[in-house]
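> Prediction below, plus the sequence it came from.
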Amino acid sequence: MFVKRLLLEHYRNYPHVEISTDRNVNIFVGPNAQGKTNLLESIYVLALTKSHRTHQEKELIQWQEDHARLFGEVERKYGMSTLELSISGKGKKAKVNGLEQKKLSQYVGALNVVMFAPEDLEIVKGSPGIRRRFLDMEIGQVYPSYLYDLTQYQKVLVQRNNLLKQSYPPSAANSSMLDVWNEQLAAFGVKIMKKRQSFIKKLQSWAEQIHQGITNGKEMLRVEYAPSFADGHFEDESVLLDRFMIKLSQIKEQEMRRGVSLIGPHRDDLLFCINDKDVQTYGSQGQQRTTALSLKLAEIELIREEVGEYPVLLLDDVLSELDEYRQTQLIQTFQKKVQTFITTTGLESVHLDQLDHAAVFHVSSGSVIDRS
Ligand SMILES: Nc1ncnc2c1ncn2[C@@H]1O[C@H](COP(=O)(O)OP(=O)(O)OP(=O)(O)O)[C@@H](O)[C@H]1O
């Protein structure tokens, strides 16, 4: 799939910008703080309705303005479509082909993207919350029903935590209310866990192959699901549901005392091992970076497998950080198959000789000049 045209209004430092893109490689070049990442971020937001670098949506709106508008023309195997996202203090409105989508889960998936940015190292190095966010964003864009289950789960979680906060010392009324929430927490929780398990299994199989290629067969990468209870190899949904309910009853006292939900997908994690050693604890900076790269390349293949088309690839300032061998691996992966957007402060750090054709856009304080 390709983004053919991108139009932004009052987005970050862009009052108005319109770009006709290349089907193959697009390079945004310019000094620091001119708006290169903002452009990549806008494509990500257009696809997923959320930014990869902030939870605060008002940051996306240009200062002094009250709304931002993102518009994109997307070409897919089976035709063209338009995507439109408006962001204001009142929330977001999303349209596909001019029709407003009541649920964002109906909108997400119309455009698939994979972003690789310096902060992706945090998926390997950072806290479990970062890995859960990565899982949620990526699974959600391939299986939209996941977003529905996740929203329902989060609603139950909030209510359940509110109840737990008022549950000490325990009373019979609170205890039976908690039983009602337990059933709902476990029902949505199990759906999320099953989807996470199957997504991670597919991701693992691609990431292992890709990582072997990048490291010349020297390193074996394993990506493992680490749920908050049970191990990641559960099979049957009903067995898992029973285990969830049993575990909840075992920790009931403890949860009431602490006033917080202690198990469930909101406490899950993802583990990365190279040659059976935990990358987060024992991996070198280079191994952690290569793990993040393998993960992103695996995602591209996984999306193609599931959706039937390659996603759009967004590379934010990462080429200069890779040595020539890894840069070649990356460029060969996307060349001709995947529409790619690259940001860089200087063209000398991109091995343009390896590219058949690239459109170059010069970015300077919120304006873009096409020099291809
Ligand atoms: N909501 C906003 N309204 C107006 N300007 C904004 C807003 N948010 C960020 N900016 C401006 O956008 C610029 C940063 O843009 P961006 O992050 O895209 O930089 P960049 O070109 O990628 O730079 P670098 O090479 O350093 O990563 C800064 O000048 C910042 O002040």
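Received the coordinates, thanks.

> What parts of the chain come near the ligand?
12-13, 30, 32-38, 59, 61-63, 317, 343, 345 (CB under 6 Å from any ligand atom). (C-beta placed from N, C-alpha, C; glycine too.)

> of those residues, buried ones?
The neighbour count (16 or more other CB atoms under 10 Å) marks Arg12, Asn13, Gly30, Gln34, Gly35, Lys36, Thr37, Asn38, Ile61, Gln62, Asp317, Thr343 as buried among the residues of the chain next to the ligand.

> May I see those organised as JSON lines, with distance to Gln332, secondary structure and pLDDT added?
Shown next, in JSON lines, are those (distance: CB to CB, whole Å; DSSP: H, G, I helix; E, B strand; the rest coil; pLDDT from 0 to 100):
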{"residue": "Arg12", "distance to Gln332": "32", "secondary structure": "coil", "pLDDT": "98"}
{"residue": "Asn13", "distance to Gln332": "34", "secondary structure": "coil", "pLDDT": "97"}
{"residue": "Gly30", "distance to Gln332": "26", "secondary structure": "coil", "pLDDT": "94"}
{"residue": "Gln34", "distance to Gln332": "29", "secondary structure": "coil", "pLDDT": "95"}
{"residue": "Gly35", "distance to Gln332": "29", "secondary structure": "coil", "pLDDT": "97"}
{"residue": "Lys36", "distance to Gln332": "24", "secondary structure": "helix", "pLDDT": "97"}
{"residue": "Thr37", "distance to Gln332": "25", "secondary structure": "helix", "pLDDT": "96"}
{"residue": "Asn38", "distance to Gln332": "28", "secondary structure": "helix", "pLDDT": "97"}
{"residue": "Ile61", "distance to Gln332": "39", "secondary structure": "strand", "pLDDT": "98"}
{"residue": "Gln62", "distance to Gln332": "38", "secondary structure": "coil", "pLDDT": "98"}
{"residue": "Asp317", "distance to Gln332": "20", "secondary structure": "coil", "pLDDT": "87"}
{"residue": "Thr343", "distance to Gln332": "20", "secondary structure": "strand", "pLDDT": "94"}
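
> longest helix of the protein?
Longest helix in the chain, counting residues (DSSP state H): helix 172-214.

> and that one, what does it pack onto?
Secondary-structure packing of helix 172-214 (3 or more CB pairs under 8 Å, 6 or more residues apart in numbering; DSSP states H and E): helix 128-142, helix 144-165, strand 221-226, helix 237-250, helix 252-258, helix 285-307, helix 324-334.

> The second one: which residues count as buried?
Of the residues in helix 144-165, those with enough neighbours to count as buried (16+ other CB under 10 Å) are Pro144, Tyr146, Leu147, Tyr148, Asp149, Leu150, Tyr153, Val156, Leu157, Arg160, Leu163, Leu164.

> In CSV, list the C-alpha atoms belonging to that helix.
C-alpha atoms of helix 144-165 as CSV (Å, rounded to 0.1, in the frame of the first residue of the first chain):
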residue,chain,number,x,y,z
PRO,A,144,-9.2,-4.2,14.8
SER,A,145,-11.4,-6.3,17.1
TYR,A,146,-8.5,-6.4,19.5
LEU,A,147,-8.9,-2.6,20.1
TYR,A,148,-12.6,-3.2,21.0
ASP,A,149,-11.6,-5.9,23.6
LEU,A,150,-8.9,-3.7,24.9
THR,A,151,-11.2,-0.7,25.4
GLN,A,152,-13.8,-2.9,27.2
TYR,A,153,-11.0,-4.4,29.4
GLN,A,154,-9.7,-1.0,30.3
LYS,A,155,-13.2,0.2,31.3
VAL,A,156,-13.7,-2.8,33.5
LEU,A,157,-10.2,-2.3,35.0
VAL,A,158,-11.0,1.3,35.9
GLN,A,159,-14.3,0.3,37.6
ARG,A,160,-12.7,-2.6,39.4
ASN,A,161,-9.8,-0.5,40.7
ASN,A,162,-12.3,2.1,42.0
LEU,A,163,-14.1,-0.6,43.9
LEU,A,164,-10.8,-2.1,45.2
LYS,A,165,-9.8,1.3,46.5
